[in-house]
Structure formats: C-alpha cells, structure tokens
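>>> The following block contains a protein sequence and its predicted model.
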Amino acid sequence: MAEYIMPLDEEKRLLTTLMKREDTEGKRLRCYLDLPDLSRTPDSPLYALVEQVKDIPFFKGFDIITIPEIVSAEISFDLFNFAPDHPARSHSDTYYVDNKYILRTHDTVMWYYYLNDPEIKKRIAAQKSLNVFCYGKVYRKDEIDRRHLNVFHQMGGLYLVPDSKATLTIDDLKQILTDITKNLFGPKINLRFNPDTFPYTNPSLEVEVEKNAKWIEILGGGIPKKEVLANFGVKGYNGWAFGFGLERLAILSMDLPDIRLLWSSDSRVKKQLKLGHKYEEVSKYPPIIRDISFIAPNTFISNNYFDLIRDLGGSLIEEVTLLDKYENAAKFGEGKMSYTFRIIYRHLDRTLTNEEVNDVDGKIRERTASEFSAVLR
C-alpha cells in the first residue's frame, strides 16, 4: 500500500482568491471548506467506517489517495462522461468557486488524479494491477431534512487489471460489495442488487439492504467505461469501481434520528456514536415551526434558498419543506410564483426560545425579500 497526496498548488491559489471575497457565496464556500473532515477524525464513526472497510482482507494492499477539494468542472464532468445537460453541472446543484472550478461533488474524480500520477503511469507501463481508495468531504446543494446535508463524506474504490491478465465482470463486483455489506452490517443482513446508471460505468448497479422492514440504498458501483479510462490515458485495462456515502451507513448502523448528530460536540451524544450501537435520545427538545410565504420570479431555485436558510439558521434548522407552489398570472403577474415553505427549528442540545427563533426567522424573511426579489405574503 502507498499513500498519494496530490499537489495542492492550484487549490491554494484558488483559496487565496476565495479568502479575499466578501460576497455571500464566497463566505459560504469558505465556511463549508473549513468544516472538519470527519472521515479523518479518529473519534468519529465515519473514521471507524473507513478503517473497517480498509481492514477487509481483499483491500489490504489498496493505495490511499488524497485529492483537492476544489477541482475543475472539466475534470469532474467532461472527463467522466457527464452529458452536457446533466443536472450536476448546474449552479443550482453544484458549488462553483468560479467559472471553471467547483467544490468536488463526487469522490470518483480521484480516478483522474490517481491514473495521472507519474508513479502510477509507470505501473501502467509495466502492466501491473491498480487499486486505490479515496475518502473525504464532498459538496452538493441539497434539501434540508434529518437525512441530508450539503456537506457530507464519501468513500470510493477503484480496481483495474490489464486486459491481458484477466477480465473482471459485474459478478466480481457483486462479490466485493457483498463482502463490504456483510462486514459492515453482519453476515445475516439481507441485501439485493438493482440496476443503476452512472455516466462513467457500464453496467452499473446499486446495493440495498433491508433495515426495519424497508429496503435502503447504501452504495453504487459498476464497470468503468473504456472511453472514460481512455480520457485519463489508460488503455488495455478493465476492472470495477464503487462508492458510498459514509453518513448513510453510519445512520443505518446506529439508528441515528438526525444526521446533524454526527457533528455534535455534546459529550452525551459523542459517547454514543459507536458503530453498531443503537443511539438513544439524550433528550427530546421540542421543535418550533415557522411558515414563510412569498411571491417570487419563477426563476427562483429551492436549493439556493436552502443555502440562505443554512447561512442564517445553521444547526438550528432541522428541516425545510415546500408546502405549496402555484402560479396565478391574474393575481401575481406573469412570470411569478407563490411559494410556501415550512421551517422546523430544533436544537440538538437544548430547548430553543421563541425569541432566538424569531430573530433568525426575521433575518430569513428580510434576506428572502432582498436576495430573491420576493414579496412576502
């Protein structure tokens, strides 16, 4: 096993520029980048998950690669065969640092960095097998609820062999994913494979496990497309790849009721964050609910609104739900929509007061009007 840390010169240059920005989006991106990487924080269950996967016998010799958190959109999307109109390219789904660079949205981007490393190119020239893990934070604009955050963690693996030595199939990948799933959830876990679609693998699949009488997706994978590998200068190789969200596995392992608990500094919470340990509520703090209704141009994008609410409410926000959306040209004018959102406030460690919620809610209303050209109702 070898560890590779990719050069961060370009990222440092971009960060220097980002640090000078005083606009809302610039401050927001700095805040997200400053969050700790829980997959490398020893007392976090996400760190424990990574170590548990790495300890599976088949993976003992896998390389580890650390890549930049700011990457080019060309690498992330074009080289990985994303269609020109793929939703992930939009500013409503992805955080753009500038016109060319984004906060990484998926750990699969490590293929580019790994396969272009000079030492790995020597291995390819010598027709040696390639195997690597990458893990860390990724960033996607997302809804707000107990299961989703816009900053989360992924772990991905890539295994390639020369065509002249072997041909790996989807069944080989299924066996590996079965081993991972049973290692994490126990040998008696019920699992199943479903077809899936990714721009850079074919065939592709997802794994679901049965928990509490429900089937829940936990990871995806597939056979890397030859044309995608060729984008990185690799020909004459085949293999498999997979990736999964660490938070989703941790939530399932501990029956966590809220993803925010993984970031908690409360000692009563932290001592319970052990894989396989069923989490017990330290206290059930009551929610405070506020609804907000407004009329805005129909160019309004919910994910951008969620970012504003995150900025102002932070960890006080448990969930934001769109209750109602409709247009009435006669009443609102052409190109206008009416929206109603419900915001649920709940602190993980204490009871909120109406006064502090009203303060945040007032700021949200003010910024809703000013930043989204909205008329409050």
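In hand now; what should we look at? Numbering: from 1, shown residues only.
>>> what stretches of this protein score poorly on pLDDT?
Per-residue confidence for the chain (pLDDT under 70) gives these ranges: 283.
>>> most distant residue from the middle of it?
The C-alpha centroid of the chain is most remote from A330, which lies 41.4 Å away (CA atoms, centre = their mean).
>>> What about it? Give its phi and psi, please.
phi -70, psi -30 (degrees, to the nearest 10).
>>> And E355, by the same measure?
Backbone torsions of E355, given as degrees, to the nearest 10, read phi -60, psi -50.
>>> Tell me who's in contact with it.
Residues in contact with E355 (CB atoms under 8 Å, 6 or more residues apart in numbering): none are found. (Each C-beta comes from the backbone N, C-alpha and C, glycine too.)
>>> And R28, by the same measure?
Listed by CB under 8 Å, 6+ apart, the contact set of R28 reads 307, 311.
>>> my guess is it is in a helix, correct?
Yes. When DSSP: H, G, I helix; E, B strand; the rest coil is applied, R28 is found to be in a helix.
>>> pretty sure D43 contacts Q272?
No. At 11.9 Å, D43 does not count as touching Q272 under the criterion of CB atoms under 8 Å.
>>> out of these two, which sits in the more crowded spot?
Q272 (19 against 11; other CB atoms under 10 Å).
>>> Quickly find the element holding that one.
Q272 belongs to no helix or strand when assigned by DSSP states H and E.
>>> go on, the one 3 residues further on?
Counting by DSSP H and E, L275 is held by no secondary-structure element, helix or strand.
>>> What about it, how many residues nearby?
Using other CB under 10 Å, L275 is surrounded by 15 other residues.
>>> from what I can see it touches L252, true?
No. With contacts counted by CB under 8 Å, L275 stays clear of L252, the gap being 10.0 Å.
>>> And the helices in the chain?
Counting by DSSP state H, the chain has helices at residues 9-19, 24-34, 45-54, 73, 110-115, 118-125, 170-185, 226-231, 246-254, 267-270, 302-313, 329-332, 354-371.
>>> Please identify the most buried of these.
Greatest average neighbour count among those goes to helix 110-115 (a mean of 24), per mean count of other CB atoms under 10 Å.
>>> Using CSV, write out the CA atom coordinates for that one.
Taking Å, rounded to 0.1, in the frame of the first residue of the first chain, the C-alpha atoms of helix 110-115 are listed here in CSV:
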residue,chain,number,x,y,z
MET,A,110,-9.9,10.6,-7.8
TRP,A,111,-9.6,8.4,-10.9
TYR,A,112,-8.2,11.3,-12.8
TYR,A,113,-5.6,12.2,-10.1
TYR,A,114,-4.6,8.6,-9.4
LEU,A,115,-4.2,7.5,-13.0
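>>> for that helix, packing partners?
Where contact means 3 or more CB pairs under 8 Å, 6 or more residues apart in numbering; DSSP states H and E, helix 110-115 is packed against strand 63-66, helix 118-125, strand 130-139, strand 151-162, helix 226-231.
>>> E281 is nearest to which of the ones you listed?
E281 sits nearest to strand 151-162 of all these, at 22.6 Å, using CB to CB.
>>> For F294, give me its contacts.
F294 sits next to 338-339, 368-369, 372, 374-377 when contact means CB under 8 Å, 6+ apart.
>>> Kindly report the same for V138.
103-107, 151-154.
>>> hey, what's the residue nearest to it when sequence neighbours are not counted bridged with?
Leaving out its chain neighbours, the residue that sits closest to V138 by CB to CB, 6 or more residues apart in numbering is Q154, at 5.1 Å. Per DSSP bridges, the residues bridged to Q154 are G136, G245.
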